[in-house]
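**Student:** Mind folding the following:
(one chain, ligands or ions: 2)
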Amino acid sequence: MSRPIGASRPLPLWASAAHRAVFRPRRHVHLRQDTVTVVPKRSAHTVEQPEFIRGLPLTWPHEGWRENIVLEVTPSHRKPRTAGDRFAWGVTRICRWAMDLVTGMGPEQKVDGKHPTTATIAIKPLTESQWLVRFIFLESIAGVPGMVAGTLRHLHSIRRLKHDQGWIKTLLEESYNERMHLLTFLDMYKPGWLMRCIIFAAQGVFYNTMFFSYLVSPRVCHRFVGYLEEEAVHTYTRCLQEMDSGSLPGWAAPGFKIPDIAVQYWGLQEGRRTMRYLILSIRADEASHRGVNHTLGNLDQGSDPNPFVQESSHFRHMELAATRPAGLERGETIRSE
Ligand SMILES: [Fe+2]
Ligand SMILES: [Fe+2]
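**Tutor:** Ligands and ions are numbered 1, 2, ... in the order given. From the prediction side, this is the model:
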């Protein structure tokens, strides 16, 4: 029997069963009227969040920074004092080298290699998209250590039937804060497939390396994160300088709008909703991570309490951390009775 033109040939029985298994039509789910929601369209790279998810309160709302604190932050470097510090510093240098490579930084765009975390002048500035690529790589890595450390301390607490001395909250809050940085920049730049592959692979390597390293020496890991945060403060300071010198005109244009997620998270008032103030706020966050992690690297990992959760106003303590680039010494945090 001849088929009408355009009609497909009927599938043999076996193929028809396989086809149904792979391309099984979705069953209709009958939802109550008040639970029905519109799921936004999936694009090649992103799935937009539905309105009711976006409207949820933030897990860890940011209390915002006082202006004098954001302006006070400066790049700095804590000189290594022990073999563990030197190891952490060496690994940080390798990470910076890899970061420069993947973000396509030319030799004339690099700062003085003898003072990599404090020198901020280069012959040639970076472009806006180079900065965004750098921020996205940096933040996709920076969100890992706090989660690893928080996870391991949580597991340690429930495995050893012990309190955690108040470290977990600060560590998880740090990783959340880094993720908010990343989500903010993703509103301004959509990475291509190559960048996504590098981020994907880097996370696999970095998460697992951090996990096993933290089991071996949490102290060295906190020192390493302290050094990574020195890099972050350096990156954002240099970006601010290039913004101030007029090299990044797109971000200073009157019509430029920062993402809504940033306005909501940092609670930025009208007049502060500029790229400059956003970068200042993110830099202050990085400075607080720098101070927190260098401090945690100075403490006894098993018994010392976290000094950044002593009072209800957490961000007063974050201000202290932001203004202490090398962290607090153990003697400043532990009171002997
Ligand atoms: Fe960050
Ligand atoms: Fe950070």
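**Student:** count of neighbours near the residue in the stretch 151-300 of the chain that ligand 2 sits nearest to?
**Tutor:** Taking CB to the ion, ligand 2 has its nearest neighbour within the stretch 151-300 of the chain at H289, 3.7 Å off. Backbone N, C-alpha and C define where each C-beta goes, glycine included. When neighbours are counted by other CB atoms under 10 Å, H289 registers 27.
**Student:** Surely it forms part of a helix?
**Tutor:** Yes - under DSSP: H, G, I helix; E, B strand; the rest coil, H289 sits within a helix.
**Student:** Check which helix or strand the closest residue to ligand 2 within the stretch 51-200 of the chain maps to.
**Tutor:** Residue nearest to ligand 2 within the stretch 51-200 of the chain (CB to the ion): A142, separated by 4.6 Å. Assigned by DSSP states H and E, A142 belongs to helix 128-160.
**Student:** The stretch 151-300 of the chain against ligand 2: which residues are in contact?
**Tutor:** Counting by CB under 5 Å from the ion, the residues of the stretch 151-300 of the chain close to ligand 2 are E229, A232, E286, H289.
**Student:** Q109: which of those is nearest?
**Tutor:** Closest to Q109 out of these is A232 (17.8 Å), distances taken as CB to CB.
**Student:** host element of that closest one?
**Tutor:** helix 218-244.
**Student:** residues contacting N298?
**Tutor:** G327, L328, E329, R330, T333 (CB atoms under 8 Å, 6 or more residues apart in numbering).
**Student:** Now the last one. Its backbone dihedrals?
**Tutor:** Read that as T333. Per-residue torsions, T333: phi -100, psi -20 (degrees, to the nearest 10).
**Student:** tell me the pLDDT at it?
**Tutor:** According to the prediction, T333 has pLDDT 85.
**Student:** Which residue, neighbours along the chain excluded, lies closest to it?
**Tutor:** In this structure, T333 finds its nearest non-sequential neighbour in P307, 3.9 Å apart by CB to CB, 6 or more residues apart in numbering.
**Student:** Can you report how many residues lie near that neighbour?
**Tutor:** Neighbours of P307 under the rule other CB under 10 Å: 21.
**Student:** Could I get the contacting residues of it?
**Tutor:** T295, H317, L328, T333.
**Student:** Highest neighbour count among the contacts of N298?
**Tutor:** G327 (24 neighbours).
**Student:** which residue packs closest to it, ignoring adjacent ones?
**Tutor:** H294 (2.9 Å).
**Student:** Quick one: mean pLDDT over the strand or helix carrying that neighbour.
**Tutor:** Element membership for H294 (DSSP H and E) is helix 275-296. Helix 275-296 carries an average pLDDT of 97.
**Student:** repeat for stretch 90-97
**Tutor:** Stretch 90-97 comes out at a mean pLDDT of 94.
**Student:** picking up where we left off before, list the residues that contact the residue of the stretch 151-300 of the chain closest to ligand 2.
**Tutor:** So H289 contacts A142, E174, N177, E178, V225, E229, A232, A321 (CB under 8 Å, 6+ apart).
**Student:** Same check on M318?
**Tutor:** Residues in contact with M318 (CB under 8 Å, 6+ apart) are S288, V292, F308.
**Student:** Just the pLDDT for it.
**Tutor:** pLDDT, M318: 83.
**Student:** Which helix or strand contains it?
**Tutor:** helix 314-322.
**Student:** With adjacent residues omitted, what lies nearest to W167?
**Tutor:** N306 (4.6 Å).
**Student:** The one you found contacts L172, correct?
**Tutor:** No - counting by CB atoms under 8 Å, N306 sits too far from L172 to count as a contact (12.0 Å).
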